[in-house]
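>>> Sequence and computational prediction follow.
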Amino acid sequence: GTIQEITKDLVSISDLGPIQSPQLIGSASRRSGSLQTGGVLLEEILFIRSDISSQDLYWGQLTQLYKSLNEDDIVLGIIEQQFSKQVQTKKALEHELAGDFHKALEQYNEATRLLDQHTAWPNGDPSAQESEFWENGRFECFSKLLKWGDISDNLIADVAQQLHPTQQPLVPQPTPKELE
């Protein structure tokens, strides 16, 4: 049969076994160069198995695969419909997809700053998936802008925070003005 028929048969099995891991599907798809097949599998899981508890993880991996395929409109649609509550997320992604990594980084930094300050959000608190998207977006922008020192500083601060969660970060997060 076709890939879609095989995927539907695979997804309809009650115990999905190893394909319960969206990260495994995304990673295997990227490593094998089978981005479209991974996307189809993730879509089928989402649409056929609506009872799965970790849908955000599947949507996140699907977004990454579509981003790798340069399907910008699809990426923006998924982000907006599935886990974006905050205006900074949409603006950052629009700037990033347009190649304006400076403005995207400003939006990602603003969103993480507001989160760190425990700001009251007008659209409700951001999901863990959305805040993870901001962190990943920041690193993507740092990489595109060749800001290797910022990547290093942020990784050191993240590790230190994980090792000692009650202490202040060793390296402060940069503000948008510091990045100019």
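Sure, I can see it.

>>> what comes up buried for the helix or strand hosting R113?
Assigned by DSSP states H and E, R113 falls within helix 101-116. Buried residues in helix 101-116, counted by 16 or more other Cβ atoms under 10 Å: 101, 103-112, 114-115. Heads up, the C-betas are built off the backbone N, CA and C, glycines and all.

>>> and what of stretch 124-133?
P126, Q129, E130, S131, F133.

>>> Please apply the same query to stretch 88-101.
So, applying 16+ other Cβ under 10 Å, buried residues of stretch 88-101: Q88, T89, K91, A92, L93, E94, H95, E96, F101.

>>> Residues contacting it, please?
72, 75-76, 79-80, 84, 103-105, 107-108, 110-111, 114, 126, 130, 133-134, 137, 140-141, 144-145 (Cβ atoms under 8 Å, 6 or more residues apart in numbering).

>>> and the nearest residue to K103 once chain neighbours are set aside, helix, strand or coil?
Nearest residue to K103 in three dimensions, chain neighbours excluded: H95, at 4.1 Å (Cβ to Cβ, 6 or more residues apart in numbering). Here H95 takes the helix state, with states given by DSSP: H, G, I helix; E, B strand; the rest coil.

>>> Quickly note the distance from H95 to Q88.
To Q88, H95 is 10 Å away according to Cβ to Cβ, to the nearest Å.

>>> what packs against the host helix or strand of E130?
Using DSSP H and E, E130 maps to helix 128-144. Contact partners of helix 128-144 among helices and strands, from 3 or more Cβ pairs under 8 Å, 6 or more residues apart in numbering; DSSP states H and E: helix 55-68, helix 87-97, helix 101-116, helix 148-163.

>>> Pull the shortest one out as CSV, backbone CA atoms only.
C-alpha atoms of helix 87-97 as CSV (Å, rounded to 0.1, in the frame of the first residue of the first chain):
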residue,chain,number,x,y,z
VAL,A,87,1.7,38.0,20.6
GLN,A,88,5.5,37.8,21.0
THR,A,89,5.5,34.2,19.7
LYS,A,90,3.8,35.1,16.5
LYS,A,91,5.9,38.3,15.9
ALA,A,92,9.1,36.4,16.6
LEU,A,93,8.2,33.6,14.3
GLU,A,94,7.2,36.0,11.5
HIS,A,95,10.5,37.9,11.8
GLU,A,96,12.4,34.6,11.9
LEU,A,97,10.7,33.2,8.8
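
>>> need the contact list for the spatially most central residue of the chain.
Compute the mean C-alpha point of the chain, and by Cα atoms, centre = their mean the closest residue is F133, 3.5 Å away. By Cβ under 8 Å, 6+ apart, F133 lies in contact with G60, I79, F83, S84, T89.

>>> which one among those gets closest to D158?
Nearest to D158 among the contacts of F133: G60, at 18.7 Å, using Cβ to Cβ.
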